[in-house]
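> sequence and predicted structure are below.
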Amino acid sequence: LCFPGGLQVMSEPREEQFHFLVFTDVFGNKTFSVVMQCFKTIVDDMSQYPNQNGAGSPKLFSAFSFCVISKYPFFTALKDSLSCFLPQLRSCRVSDLEDRVKEFAAKLALVPAPPPGHLHLVRSIDEYVSDHDPCVQVLSCLLQEQRVVLFSTDWARLTLVAECLLLFLWPLSWQHPYVPVLARSMLDFLMAPTAFLMGCHISHFEEVASETDDLVLINLDNGSVSTSCSETVNLPEIPGSAAECFTQRCQSLQTQFDLSQCHSPSSTDINEHRAQRRTWQQTLNHDIQRISLELIVNIFRDVCSHLNYEHRVFNSAEFLKTREPNEQLFYTKVLETHIFHSFLKDRLNKKMDSFARMELNTLEVSRRPTMQEIQARRRSSATDHQLKRQGMSLPNLSDHQSFQRTSLLHKIIPDLGLSSLFFLLVAFRTPPKPAKIFKLPDFPASLSFHSVQGYYLEIIQQLNKAIFSAQHENSALLARFYYLRGLINTLCSRRLDALSDFQSLYKTDTAIFPTALVTWLVDSLHRDERQQADRRPELKRLILKVKTENEKTLDPGNDHVKKFELPRKPLSLEEFVRCVQECGIVKDVATIHRLFGALTDGQSKQVDPDLFRDFYTFWKETEAEAQDVNLPSDVIEQLDYSECVYKLSSCVKTSHGVGKIAMTQKRLFLLPEGRANFLEITKFRDIQEVKVSSAPFLLLRIPSLRIKSSSRPEVFEANLKTETELWNLIVKEMWTGRKMADQHKDPQYMNQALTNVLLMDAVVGSQQTQKSISAASKLAYFDTLKHDVPMMVPKVTSETLKHKINPSQDLPEPQTVHVLLYTPGNSFDSGTEMNPKLWVALSGGRVVVFDATSWSILQDCIMVGECQLNCMLGLVQEQVWIGSKDSVIYIIDTHSMSCNKQLTEHRQEVTGLAVDTREHKSQAMYSCSCDGTILLWDSISLKVKRQFYLSCSRLSSIQIHDGSLWCGECQKLYLVLIIIIIDLKIVVFPAGCVDSIQGQLWTGCADSGDLFVFSINSRRSSKRITLPGNSGVTCMIQVKSQVSIWVGCRAGGDHGDGQGRSQVLVLDSETHEVDKELQAHTDSTQTLCSAEGRYVLSGSARGDGKIAIWKVE
């Protein structure tokens, strides 16, 4: 491969040539190579060998190849290195060539490879793929895993273009043979029956095309794409909207440096000119990567909507139904490929890569389309948007939130098509960050051991300076410096220093932590080094973590993807729950249990597979039919924007004439037969009575549904015949769900009622028996509940409660809300607007993030470990610190919503965090663990500045007030006076759950309903307050905008539904009296937080799992 065209001897020398190689082993690991060919005489003087004419023979020249191999695709950097070596090769004799090459290789090996990030070697992407139309066609072939062959007269072009094409596919990874350069002797590789991507010289084009069938042939020199059977490619094309967006973005690229600089004055400094060109090249590379990533996101945008993460199932059939008819063949082929299967694994593992971040940033609300949207899509062409959305099985989860986000979008771009929409959403992007250049010292004159070690020591000294200067500026750059210093220390056999650097790297940026290298370092430690490491707690912890990670066996159950299939055998309850969740009908386990009871009707412990198939088919067909309802424009204009039609009756006789009854999530209305108008029957909140009556007709009595509403004086009556009983159940359930949603200010009640109604309809439609109504009634959860639980909420609670949100809405079961944190938004002065956020810590290390302006979910899952999270703290709008039961402090970047930093200095469960805000620029962070350890952190360098220890049974929390650090445990409270950080005084006296206000310390008891008020100055208890009707205090906060203390309590008492109720009590801090008793949750109140003094938020245990938002007056 170093001589792909063969080794030849010639009479005249040629110019030096470069080409590039990529080697792939059986495990898919790639090795990259840059090859330089230069021509030298093989015999210096041929005059002593006369030819037939008696004259001396001319000089003969042969190509010498020099190949540099790397694990990284540093094509440009390695090419530049070989180019620098070229003058020496031209001047040296053949006999000296080997020594010169050895010296060059030794010096090149001294250069460390930097980690990913902005401290890196520049990789150049050529402009050979700037012709976007053939590029889209080639990408379509690769996505469908065709046998693709590249041709060119330039060997170097083959590898560069092949690498670019694979880069365009990212995050999909090519899983098949990949040989971008084939020598003449390797053409048999093209006979392989599997998919591949290979390249060869253009001179072999006719030979390859005539001897091998079903190849996609790409001529890079003229941009043509053909097959070995015809001049065109007869394969499904990439969806038009995504391809159009890609084309528009490619046309906007600045691919010519001179044109991009024509408005600027010419540079007279060669170094300045090079820097300008390097910056332009980096910007172009960044733009190309963004455009290609956007193309992949637009192609596979809706895949995650058809994934079931709990059971690792992809519902490919439902996904295909959401595609346009002319796109389905393309997706059918792609969905069967290996690269798509690997892509699904990453999505099911919730990999937070650039694809996931771009999809999240350009996310459209996942919901059923409204009537206005359906009508607009019908008016538009089929290629501009999707006409049917049969895959969305759940109803609109939050109508008011959908309305706010979507209506705003339509105000901005009312007439844009889908491709323009995608273009607009990604247009507001941040420019690439400039690369930081770290200059290495000059190579040593001698390559002896001592000279090389001195060279490495000089690099370490420069890195020490760089680390010191970057500690308070850029944590991402700091992590790269730690990486490099750890690598150099490894090369110098300073293994403990290297481990220390990698420990610092681990808590600064886990994304670039070299696990394999650290594992090798740990295994190579000598006995004395291991003993020294064990005496250093931070290194001992790192070694233990690395070994634990390596000892974990891979669970094959976590690395598979299933396609959803309807069951073929009877389903038990457990199997039924799994099957319903897999098909995406509903996730809530309690609802699925009620559905199981409805389908079995109490007679069997299994659901027949044919019955389930009928139920599933009826559910999907009914949903599609509802979206095909063709309402007149005048009717649609009278509906709210977020309304969707969920059920439509047959044509029936009513008290207002003959017509069809339509149901949305908000109202019932009549579509009169033969008239294009709208008659509202009632809104669900206005209903006063619903009942079934019978009207005489000849010798029969025909059942009818009667609805009494406060919005109209007369009773509405409809002769729904056989549908009467079903509509009676439906209307009552929606009515009750609406009343409970209004009373509790919780839209999830209405969403649950709507889900129940759709399930009832599917049960009746699939069974078609006399018992079907009785079976469906088991799903009337709210209508049954109203007889057992009073729907009315106390007046004080109703007036104070603003809203409720459910952080577990996408989970099968409610989760405990362990911690809440509100972080304020920033202003326009910072350059970018950021809304305030609500951070919610659920069970199992799951963090959910809400936009605190619309209370919509921004991020449904950020995983920080696998254990319970105990505390959270925001830091200057850039970081959120989270203390976990696994003794780790996780740090989330609020911009990228990712957790790449971990602090592991604690040895036991982290129970508290506190920040000293007196110095805004360098905030001092305190953390405590249950064993009594308290650490003082530098919030920028993430280093421990001070550590001290309190002897206690369990240190549970810390708080800072007026320069004092208050540390509480179950039975005592410790006071640490921070007069000078170095001088600490500790005072001990009894206490519990802590907050402070106006010189008073308020504490609460977890096992009783008592509060104790201490005087901070005298440190003596001044009053004991017995709280009404609760069994223990769980949390307590002071609201700074008013002189009040909010107290969360444990659940106590049975309120008729087998569940207790927990209270949130509001106390006046001056009179010590209870001002308000708020009925908060159906389980214990676990946590409280304040939102800028205007709202207080309470989170509950898993029996309720919701968050209540309370108004502060």
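Yes, it's here. Residues are numbered from 1 along each chain as shown.

> contacting residues around K350?
Counting by Cβ atoms under 8 Å, 6 or more residues apart in numbering, K350 makes contact with Y309, A356, C861, M863. (Glycine included, C-beta is placed from N, CA and C.)

> highest neighbour count among the residues you listed?
A356 (18 neighbours; other Cβ atoms under 10 Å).

> what strand or helix carries that one?
Using DSSP states H and E, A356 falls within helix 354-361.

> so which elements touch that helix?
In terms of contact count using 3 or more Cβ pairs under 8 Å, 6 or more residues apart in numbering; DSSP states H and E, helix 354-361 is assigned the packing partners helix 270-299, helix 418-427.

> those: which one's closest to R480?
With distances scored as Cβ to Cβ, the stretch of the helices and strands packed on helix 354-361 nearest to R480 is helix 270-299 (16.4 Å).

> domain assignment for this structure?
Domains of the chain are assigned by the TED database as 9-45+58-110, 122-257+281-363, 449-553, 625-788, 796-1111.

> how about those in TSV, adding distance to A598?
Formatted as TSV, these follow (distance: least, Cβ to Cβ, whole Å):
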stretch	distance to A598
domain 9-45+58-110	49
domain 122-257+281-363	22
domain 449-553	42
domain 625-788	4
domain 796-1111	19
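
> of all those domains, which one comes closest to K587?
Closest approach to K587 among the domains of the chain is made by domain 796-1111 (5.0 Å; Cβ to Cβ).

> distance between the ends of the closest one?
Length of domain 796-1111, first residue to last, Cα to Cα, to the nearest Å: 11 Å.

> mean confidence (pLDDT) on it, please.
Domain 796-1111 carries an average pLDDT of 78.

> sec struct for L172, please.
Here L172 is coil, with the state taken from DSSP: H, G, I helix; E, B strand; the rest coil.

> correct me if wrong: it contacts L143.
Yes. Between L172 and L143 there is a contact under Cβ atoms under 8 Å: 7.3 Å.

> out of the contacts of K350, which are inside helices?
If you go by DSSP state H, the contacts of K350 have A356 in helices.

> closest to E15 out of the contacts of K350?
Here the nearest of those to E15, counting by Cβ to Cβ, is A356; it sits at 46.6 Å.

> what about the strands in the stretch 951-1100 of the chain?
955-961, 964-969, 972-977, 985-990, 993-997, 1000-1004, 1010-1015, 1020-1026, 1033-1039, 1044-1049, 1062-1068, 1074-1081, 1085-1091, 1095-1100 (DSSP state E, counting those that start in this stretch).

> for the stretch 701-850 of the chain, same thing?
So, for the stretch 701-850 of the chain - with DSSP E, counting those that start in this stretch - the strands run 716-719, 801-805, 819-823, 837-841, 846-851.

> for burial, what's the neighbour tally of L197?
L197: 24 neighbours (other Cβ under 10 Å).

> name the SS class of it, please.
Put simply, L197 is strand when judged by three-state DSSP.

> which residues touch it?
L197 makes contact with L142, V148, L150, A162, L165, L166, W174, H176, P177, Y178, V179, P180, according to Cβ under 8 Å, 6+ apart.

> dump those into TSV; add neighbour count and secondary structure as well.
Shown next, in TSV, are those (neighbours: other Cβ atoms under 10 Å; DSSP: H, G, I helix; E, B strand; the rest coil):
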residue	neighbour count	secondary structure
L142	21	helix
V148	21	strand
L150	24	strand
A162	24	helix
L165	22	helix
L166	18	helix
W174	21	coil
H176	19	coil
P177	14	coil
Y178	18	strand
V179	23	strand
P180	24	coil
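
> thinking again about what came up before, ok, residues contacting the helix holding A356?
With Cβ under 8 Å, 6+ apart as the criterion, helix 354-361 contacts 170-171, 293-294, 296-297, 301, 304, 347, 350, 425-426, 859, 896-897.

> what is the nearest of these to S694?
C304 (50.2 Å).

> that closest one and N349 touch, don't they?
No. Counting by Cβ under 8 Å, C304 does not reach N349; the two are 12.0 Å apart.

> who's more crowded, those two?
Neighbours per residue, other Cβ under 10 Å: of C304 and N349, the larger number sits with C304, 18 against 12.

> tell me the secondary structure for the more buried one?
Here C304 takes the helix state, with states given by three-state DSSP.

> next, count neighbours for E327.
For E327, the count of nearby residues is 22 (other Cβ under 10 Å).

> if we can go back for a sec, so what's the gap between the helix holding A356 and the chain middle?
7 Å (Cα atoms, centre = their mean, to the nearest Å).
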